[in-house]
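J.: Okay, here's the prediction I keep looking at, along with the sequence it came from:
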Amino acid sequence: MTPDQIEALFTRADGTYAFARWGRPICPIVFGVQDQTLEVVKGALEAVVGMAGHHMAETDPEMGVNLMFFFFRDWDELLDVPDLGALIPDLWALVGRLKEAGATQYRGFRFDKAGAIKAAFVFLRMDGALAKMPADELALSQVAQVMLLWGDRAFAETSPLAVAGETTVLRPEIAALIRAGYDRLMPAATNDSSHALRLFARVQGG
């Protein structure tokens, strides 16, 4: 990937550059799936977090859990989740916008004082193409998209996944970017677009 292509992956709709990675161990919980799918999601998390050189934990000292996956059939189901409105500001308005847009997925992030990710919420309305995806592909795709703060349109046209033989994996360039983003010498968060050049250098260096 070129530096410009990398920069585009972390550029918002308003043209600003925004990068952030997790600044603390990831403590996940998954709602709305059977045990078999739960294990698939956790397996995908363990694989990608390990690849990035980051960490998982059972409990976050501040929030208990800090990465929440919600699987459901209708957006209105979120309004019945106890205490979710306390975690998601203006939940009613958000659900209304997502319904109007016909959205099937949404990711929301919370950040610490340094700008690093401290919590994330992944909402997946299992309908249409999303419902037809194999569980392992869906889990791996969603985990990849929540490991970093990607741009609004980063994967709108190209999936973060690729097929290697009979196995679905992260596209090599996306895996390399995630690893580079978690390099201990790189910032946990930045709005400086020159950061894309530093990512490029690390990806090129292998």
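T.: Now that the structure is in, tell me what you want to look at.
J.: Grab the most central residue of this structure for me.
T.: With distances taken as C-alpha atoms, centre = their mean, the residue of the chain nearest its centroid is residue 146 (1.1 Å).
J.: Following element in sequence after the lowest-mean-pLDDT helix or strand in the chain, please.
T.: Ranked by mean pLDDT, DSSP states H and E, the helix or strand of the chain with the weakest confidence is helix 128-132, at a mean of 83. Using DSSP states H and E, the helix or strand that directly follows helix 128-132 along the chain is helix 135-147.
J.: burial measure for residue 117, as a count.
T.: Burial of residue 117 is recorded as 23 neighbouring residues (other C-beta atoms under 10 Å). Using the backbone N, CA and C atoms, a C-beta is placed for each residue, glycine as well.
J.: My read is that it contacts residue 181, right?
T.: No - contact criterion C-beta atoms under 8 Å: residue 117 and residue 181 do not qualify, at 11.0 Å.
J.: Find the residues that touch each one of those two.
T.: residue 21 (C-beta atoms under 8 Å, 6 or more residues apart in numbering).
J.: rewinding a little: quick check: the residue nearest to the centre of the chain vs residue 123, distance?
T.: To residue 123, residue 146 is 11 Å away according to C-beta to C-beta, to the nearest Å.
J.: which residues are in contact with both of those two?
T.: Contacts common to residue 146 and residue 123, judged by C-beta under 8 Å, 6+ apart, are residue 107.
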